[in-house]
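>>> Attaching a predicted model along with its sequence, questions to come.
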Amino acid sequence: MAGFGHGTRRHPRSRGRTWSRWGSPRPSGAEAGGGPDRATLGIIGVICAVAGFFVLGIILGPVAILCGWLAMNRTWSGARPVPAIVAVVLGAIDTVLAIIWLAGTATPGAGFF
């Protein structure tokens with residue numbers, strides 16, 4: 001009974017849970033966060049950057065930059081994997097080209113009227 005000073009703080013219901021809610025129940029150190037590793041993020045960034053040259057560059061360019069940045073472990077120092085650098089550079093080029101293309105289509109005098 002939880003009344004009269006006998007609370008449930010000493011005996012939580014989830015007492016047997018010893019692993020993270022979001023990660024795997026296995027105690028492996030390789031999958032600590034439960035998300036993709038850095039090599040996978042670099043490859044995803046390169047794929048997004050290449051696909052961004054053909055469709056939705058304004059969206060896939062920044063996604064490629066973000067994936068590449070996360071694949072480099074959010075730092076410019078130390079060892080940088082090649083797919084991460086390629087993803088950041090191609091994503092930046094893709095984003096700049098998409099902004100130039102959008103600025104070119106929004107010329108004054110070519111309005112709706």
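Good, I have the coordinates.

>>> quick one: low-confidence parts of this protein?
Low-confidence segments of the chain, defined by pLDDT under 70: 1-34, 107-113.

>>> max-length helix in it?
helix 82-105 (DSSP state H).

>>> Packing partners of that helix?
Helices and strands touching helix 82-105, by 3 or more C-beta pairs under 8 Å, 6 or more residues apart in numbering; DSSP states H and E, are helix 38-52, helix 57-71. In this view, the C-beta of every residue, glycine as well, is placed from N, C-alpha and C.

>>> Tell me what angle the last one forms with helix 82-105.
For the pair helix 57-71 and helix 82-105, the angle between their directions (axes from the mean of the first three to the mean of the last three C-alpha atoms, to 10 degrees) equals 160 degrees.

>>> cool, the first one as well?
If you take the same axes, to 10 degrees, helix 38-52 sits at 30 degrees to helix 82-105.

>>> ok, and what's touching helix 38-52?
Applying C-beta atoms under 8 Å, 6 or more residues apart in numbering, the contact partners of helix 38-52 are 36, 59-61, 63-68, 70-73, 81-84, 86-88, 90-91, 94-95, 98.
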